[in-house]
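Engineer: Quick one: sequence plus predicted model below, questions after.
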Number of protein chains: 2
Amino acid sequence: MPYQRRRPLILVTNDDGIGAPGLYALGSAMTFLGDVVIIAPKEEQSAVGHSITIRGSVRALPYTFSDALASVTAVAIEGTPADCVKLALNTLLHKRPDLVVSGINRGSNMAVNIMYSGTVSAATESSIRGVDSLAVSLVEGPEGDYDAAARYALAIARKVLRSRLPRGIVLNINVPPIPYEEIQGVMVTRLARSRWEESFIEGVDEANQPCYRYKGEFINLDAGRDTDQYAVSHGYVSVSPIQHDLTAHGCLGVLGTWRWLKYLEPSGQHL
Amino acid sequence: MPYQRRRPLILVTNDDGIGAPGLYALGSAMTFLGDVVIIAPKEEQSAVGHSITIRGSVRALPYTFSDALASVTAVAIEGTPADCVKLALNTLLHKRPDLVVSGINRGSNMAVNIMYSGTVSAATESSIRGVDSLAVSLVEGPEGDYDAAARYALAIARKVLRSRLPRGIVLNINVPPIPYEEIQGVMVTRLARSRWEESFIEGVDEANQPCYRYKGEFINLDAGRDTDQYAVSHGYVSVSPIQHDLTAHGCLGVLGTWRWLKYLEPSGQHL
């Protein structure tokens, strides 16, 4: 088992920025498991989704942590979480990491929300490259404890390094905001069916043009007992396997029978 | 059939910006099918993924097209494609659209690239809201023809308005860059397994800090004859059903048997 022969290399990143407390807790936990390198955005990058910087340059600045992370190599990137992972895997790391861990995000990343999440996109990016990847988020709440979340992240990372994930799979982990002792365990879940109910607040800008400010409320549409939402609301750490192949394989058959060309204008007829 | 009783309402958006020729061609084609409203980013927003603007305000500016689109209501948004769709569905449109069509993108959106695509994210955003949605892209090439792509988009949109899509499904359409008469037809496909081979170009900024410029080469890892890549390279319009539920349902079983808690530190032991 390779993890016994040498210490695994673990890349830690996030979307809240390199100074975020969740990153510190996660990075510190991972030092118990392997050699940690932290390559994370210089500034907060929440809700950037899977943005990448394809124009202009991305700056990379050495960063120094204190205490538990004082000896860890760290780089702050002026870019998105996906940029961090691309740059790490292609250029900054001198060998392929055994694991990429993204987080601990300040706030949940469950259900449809993972579409918008920089935390999850960082992990997805590395899974595309075939590296086992975890995204870790701490659900909002007054008793939320990054150290409790980090301990579960460490346990899950240990198991993943032993058993390896199926190729292309990310584990999306959400920890409930309750004390460590009250966490009920780990539940493997699917993403809840859900959506946001948005109500933009209309205003006018200095030129008297209409402008809109985002205001949203999350709606869980899913009463299932096997969802991420269910798990965390019942005190469990939710672990959802997610994939980057978005093909709706179940629809290929029926769409294959549709007669598309019937609806095409005759060749001579111009629009 | 509702489309015979009243003209459907069709929202057209994109990520290349409201002045892009692909948007004009797509909007013009859709006027043959229904009442068109165009709500698109003011500026190019490629590779923004599923970014949304949750801080600050998004400005909405009236926009006037000429010729075939002179009578169409259009709004330019200072925001991302996903912002455009959210704002349209929640605030700007006075009724729910029957169809959202995003594109025609300048360049392909196939395989793993749809993760980064603003064009696809706009369509995904509306599919989350239960609106049938298409993303349309024209593959790069000297003979690429937006009007040919728009004709196929129109045919596919007609079929979708008749038959309706399964809930939560987006059709991701890629048109090969060949003359209309040479297009072989429509092929229903899955996304090819693929990745980018990146090589960042290292430089230094004015403060002598290292900075990196993105350079990538697309690698198709998939020899299947049922992929989007295969279809367009053989002269077919590729139609891939994609979904926003990223759960890897096939992995739930095996992960459910993993003994996660075995790897948790004993309760008394602190990190």
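Structural biologist: Arrived safely, thanks for sending. Owing to the predicted nature of the structure, the values given are computational and were not obtained by experimental measurement. Numbering: from 1, shown residues only, chains lettered A, B, ... in the order given.

Engineer: Run through the neighbouring helices and strands of the longest helix belonging to chain A.
Structural biologist: Longest helix in chain A by number of residues (criterion: DSSP state H): helix A:146-163. In this structure, helix A:146-163 makes packing contacts with helix A:21-30, strand A:99-106, strand A:133-138, strand A:169-175, strand A:185-188, strand A:236-243, judged by 3 or more CB pairs under 8 Å, 6 or more residues apart in numbering or on different chains; DSSP states H and E. Using the backbone N, CA and C atoms, a C-beta is placed for each residue, glycine as well.

Engineer: Show me the shaky parts of the stretch 51-200 of chain A.
Structural biologist: The stretch 51-200 of chain A contains residues with pLDDT under 70 at A:54-55.

Engineer: again, 80 this time
Structural biologist: Applying pLDDT under 80 to the stretch 51-200 of chain A picks out residues A:51-56.

Engineer: Does A:Ile18 touch A:Pro41 like I think?
Structural biologist: Yes. Shown here, A:Ile18 and A:Pro41 form a contact pair, counting by CB atoms under 8 Å, at 6.7 Å.

Engineer: So for the two, which sits in the more crowded spot?
Structural biologist: Between A:Ile18 and A:Pro41, A:Pro41 has the larger neighbour count (other CB atoms under 10 Å in any protein chain shown), namely 28 against 25.

Engineer: residues contacting that one?
Structural biologist: A:13-15, A:17-18, A:76-81, A:83-84, A:118 (CB atoms under 8 Å, 6 or more residues apart in numbering or on different chains).

Engineer: how much space between it and A:Leu23?
Structural biologist: Going from A:Pro41 to A:Leu23 by CB to CB, to the nearest Å gives 10 Å.

Engineer: So for these two, which residues contact both of them?
Structural biologist: A:13-14, A:17.

Engineer: could you say which helix or strand contains the residue nearest the centre of chain A?
Structural biologist: Nearest to the geometric centre of chain A sits A:Val120, at 1.4 Å (CA atoms, centre = their mean). Assigned by DSSP states H and E, A:Val120 belongs to helix A:118-128.

Engineer: So for that helix, what gets flagged as buried?
Structural biologist: In terms of neighbour count (16 or more other CB atoms under 10 Å in any protein chain shown), helix A:118-128 has its buried residues at A:118-128.

Engineer: likewise stretch A:205-214?
Structural biologist: Residues A:210-212, A:214 are the ones in stretch A:205-214 that count as buried (16+ other CB under 10 Å).

Engineer: Which ones, among these, also lie beside chain B?
Structural biologist: A:210-212, A:214 (CB under 8 Å from any CB of the partner chain).

Engineer: Dump those to a markdown table, plus pLDDT and secondary structure.
Structural biologist: Output for these, formatted as a markdown table (pLDDT from 0 to 100; DSSP: H, G, I helix; E, B strand; the rest coil):
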| residue | pLDDT | secondary structure |
| --- | --- | --- |
| A:Pro210 | 86 | strand |
| A:Cys211 | 89 | strand |
| A:Tyr212 | 90 | strand |
| A:Tyr214 | 85 | coil |
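
Engineer: Out of these, which is nearest to A:Val160?
Structural biologist: Within these, proximity to A:Val160 (CB to CB) peaks at A:Tyr214, which comes in at 35.2 Å.

Engineer: Just list the residues touching that closest one, thanks.
Structural biologist: Contact analysis of A:Tyr214 by CB under 8 Å, 6+ apart lists A:198, A:200, B:52-54, B:58, B:83, B:86.

Engineer: can you put those in a markdown table and add neighbour count, distance to A:Ile156 and secondary structure?
Structural biologist: Below are the contacts of A:Tyr214 laid out as a markdown table (neighbours: other CB atoms under 10 Å in any protein chain shown; distance: CB to CB, whole Å; DSSP: H, G, I helix; E, B strand; the rest coil):
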| residue | neighbour count | distance to A:Ile156 | secondary structure |
| --- | --- | --- | --- |
| A:Glu198 | 17 | 33 | strand |
| A:Phe200 | 21 | 38 | coil |
| B:Ile52 | 26 | 29 | coil |
| B:Thr53 | 19 | 33 | coil |
| B:Ile54 | 13 | 29 | coil |
| B:Val58 | 21 | 38 | strand |
| B:Asp83 | 27 | 34 | helix |
| B:Lys86 | 28 | 33 | helix |
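
Engineer: Could I get those residues in JSON lines, plus columns for distance to B:His94?
Structural biologist: Below are these laid out as JSON lines (distance: CB to CB, whole Å):
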{"residue": "A:Glu198", "distance to B:His94": "16"}
{"residue": "A:Phe200", "distance to B:His94": "14"}
{"residue": "B:Ile52", "distance to B:His94": "22"}
{"residue": "B:Thr53", "distance to B:His94": "23"}
{"residue": "B:Ile54", "distance to B:His94": "25"}
{"residue": "B:Val58", "distance to B:His94": "19"}
{"residue": "B:Asp83", "distance to B:His94": "19"}
{"residue": "B:Lys86", "distance to B:His94": "16"}
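
Engineer: wait, which of these is closest to A:Leu138?
Structural biologist: Lowest distance from A:Leu138 to those (CB to CB) belongs to B:Ile54, with 18.7 Å.

Engineer: which residues do A:Ile18 and A:Pro41 both contact?
Structural biologist: In contact with both A:Ile18 and A:Pro41: A:Ala76, using CB under 8 Å, 6+ apart.

Engineer: which bits of the stretch 1-150 of chain A sit near chain B?
Structural biologist: A:28-29, A:32, A:46-54, A:56-61, A:82-83, A:86-87, A:90-91, A:112, A:114-116, A:121, A:124, A:128-129, A:147, A:150.

Engineer: so of the contacts of A:Pro41, which ones are in strands?
Structural biologist: Among these, the members found in strands (DSSP state E) are A:13, A:76-77.

Engineer: for the closest residue to A:Ser57 other than its chain neighbours, what are its contacts?
Structural biologist: Leaving aside its sequence neighbours, A:Ser57 sits nearest to B:Cys211 (CB to CB, 6 or more residues apart in numbering or on different chains; 4.1 Å). By CB under 8 Å, 6+ apart, the residues touching B:Cys211 are A:57-60, B:202-205.
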